[in-house]
Structures are given as structure tokens and as C-alpha cells.
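Student: this is the structure alone, sequence omitted:
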């Protein structure tokens, strides 16, 4: 199979990804991923919504699986086998760094999204912050902006905290807060950027 990152929002699909989609025998993805790739799927190509992620390894070699953002950043690339192909997409992390004009090199990425054990995401966040790293975090409904700021306050860290909602979409919104005044996103589709204060 070929796992294609469709990017975090509209117009963020790469030329390599478009080419793979146009040659696919069948295209699978979530509703959102299929919508982002729709302009590039040739008429008549079968499309289907992924219902069972455990069995995507059984798909044909020329089947394309769409992953929102980048497949290797909390995406479907984790299901790729040795002989499968993974085509990167523009991730929420890359887009967030571009929007805020911050360098990617002093960041760690943490994902709480979809984790059964939120404590492991908290521990990872604390470890990276104590190493002096800025953090880009994909939140979960059980570990959102207010929860992250509470953890930072508890370990006596001062940081600017940005909520980046609906990146790449017309309704994109960036909110800035800090550990005492967390940004309060209204969308479920957002990332958090934690930039340590000197």
C-alpha cells in the first residue's frame, strides 16, 4: 500500500502525493482526508472510508491510504510494512512553525491525541520541557490547553502557549496565552505550541 499525507488543510498536498493518488487503483481515507484529496482523485477511481485500521495492511500494493497531516506524525504511517511506501504531507507542526515564524530545530513533538493513557503524554511533556525544549502537542479531549497549562504551572515553568485551530482552513485561528491564562480553543481540530520564556 501507499500511505499519502494529504496535509493538515486544503492546498497542502504535495505533488508526489497527488501523483500517487492519480495512479491509485483504490483510495481509502477518513472523511476529512478524502475531502482534502477529492480534487485529485480521478473520476471512476473507487474510494472508501476506512472503518477498520487493523486490516489496512491487507490492501493491495497500489492502494492509496490517505492520512491527514503527515503520516509519520500521529498518522497512519505506523501501519506501513517494510515494502509499503509512505509519502509525507505538511503536518500541523510544520504549518504552526511557519505561522508563528519559529524554528523547528528546538522543538519536541508530543501527542496525547487518541492515547488511552494520558499520563504517558503528561510525562513526556514534562520530560521534554525539563530538557529545555519547546513542545508542539497534539491534544486530546482529556488533555487539552487548560490541562497542559496546569501541568506547566505545577512544575513552575513559564511559557507562551499558542492554540492553532483549523490550520490551513478559512476559519484558521491562532490564540496566544500563557500558563496563567490558557488559550481557549473552540474547535476540536487544534494543536498547542509551548514556547519557553527565557
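Tutor: Cool, the structure landed. Quick caveat: nothing in here was measured; it's all calculated off a predicted structure.

Student: helices of this structure, residue ranges please.
Tutor: Using DSSP state H, the helices of the chain run over 15-23, 31-37, 92-100, 118-130, 145-154.

Student: determine which of these approaches residue 43 most closely.
Tutor: With C-beta to C-beta as the measure, helix 15-23 is the member of the helices of the chain nearest residue 43 (11.2 Å). Any C-beta I mention is one placed from the backbone N, CA and C, and that applies to glycine too.

Student: can you point out the buried residues in the closest one?
Tutor: 17-18, 20-21 (16 or more other C-beta atoms under 10 Å).

Student: now do stretch 119-128
Tutor: 121-122, 124-126, 128.

Student: export the residues you listed to TSV and tack on pLDDT and distance to residue 141?
Tutor: As requested, the buried residues of stretch 119-128 are arranged in TSV below (pLDDT from 0 to 100; distance: C-beta to C-beta, whole Å):
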residue	pLDDT	distance to residue 141
121	90	12
122	92	15
124	94	18
125	95	16
126	96	20
128	96	22
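
Student: possible to save the helices of the chain as a markdown table with distance to residue 186?
Tutor: Listed next are those as a markdown table, based on distance: least, C-beta to C-beta, whole Å:
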| stretch | distance to residue 186 |
| --- | --- |
| helix 15-23 | 30 |
| helix 31-37 | 18 |
| helix 92-100 | 17 |
| helix 118-130 | 21 |
| helix 145-154 | 11 |
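
Student: for the ones you listed, which one sits closest to residue 179?
Tutor: Among the helices of the chain, the nearest to residue 179 by C-beta to C-beta is helix 145-154 (4.4 Å).

Student: distance between the closest one and the chain's centre?
Tutor: Taking the mean of its C-alpha atoms, helix 145-154 sits 21 Å from the chain's own mean (C-alpha atoms, centre = their mean, to the nearest Å).

Student: please consider this matter closed, and thank you.
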